[in-house]
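Peer 1: give the three-dimensional model of this entry:
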Amino acid sequence: MKKLIIILLALICTVGGFAQKAKFGHVDYGAIMKEMPGIDTAQTALLNVQKELQEAGQQMANEFKQKEAEYGQMANNGASAAVLKVKEDELTKLYARIQEFAAISEQELQVKQAELLKPFQDNLLAAIKSVAEAGNYAYVFDISTLAFYADSDDLTTAVKNKLGIK
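Peer 2: Prediction:
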């Protein structure tokens with residue numbers, strides 16, 4: 001009998017725990033990121049790297065266009081097949097270099113973006129976690145991924161306050 005009472009009490013406590021409604025919250029992650037102190041400096045540095053890579057890529061593209069025009073003139077002027085083959089090989093190698101540069105540039109830009117923005121993202125996630133734990137929220141969602149969030153509390157202001165953003 002004693003065991004039955006203990007089992008019933010455990011069951012009642014468990015059911016009671018499930019009956020409580022979980023709290024949901026949401027934040028505007030992007031808006032908070034834009035307002036974080038120092039983010040503009042990181043984005044400017046990122047834009048400078050992107051601009052530098054674009055300029056180098058444009059120089060390579062211009063060189064390719066120039067060599068391609070030279071090849072066209074040589075072909076129209078009746079250059080020998082051997083000379084044209086050498087120029088074709090040059091164009092092929094230059095095109096391959098341009099593609100390789102584009103891939104490396106994209107990768108470098110992603111690494112730089114992660115390097116510059118990670119501290120801000122880490123701070124924001126820590127603030128979201130802190131606010132969520134303080135308010136006993138089971139889940140906090142970013143509004144950019146939600147289509148509907150009527151039964152959810154907007155925690156954006158609380159997270160901004162936690163980060164010192166006015």
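
Peer 1: can you give me the helices in the chain?
Peer 2: Per DSSP state H, the chain carries helices over the ranges 2-19, 29-35, 39-76, 81-134, 156-163.

Peer 1: counting neighbours, what do you get for residue 157?
Peer 2: 13 (other C-beta atoms under 10 Å). All C-beta spots, glycine's among them, are computed from the backbone N, C-alpha and C.

Peer 1: correction: residue 37
Peer 2: With other C-beta under 10 Å as criterion, residue 37 counts 11.

Peer 1: tell me the phi and psi of it?
Peer 2: For residue 37, the backbone dihedrals (degrees, to the nearest 10) come out as phi -60, psi 130.

Peer 1: wait, what's in contact with it?
Peer 2: The contact partners of residue 37, by C-beta atoms under 8 Å, 6 or more residues apart in numbering, come to 164, 165.

Peer 1: how much space separates it from residue 123?
Peer 2: Per C-beta to C-beta, to the nearest Å, residue 37 is found 10 Å from residue 123.

Peer 1: pull the contacting residues for residue 64.
Peer 2: Per C-beta under 8 Å, 6+ apart, neighbours of residue 64: 91, 94, 95, 98.

Peer 1: just the buried ones from these?
Peer 2: residue 94 (16 or more other C-beta atoms under 10 Å).

Peer 1: nearest to residue 142, of the helices of the chain?
Peer 2: Closest approach to residue 142 among these is made by helix 29-35 (4.2 Å; C-beta to C-beta).
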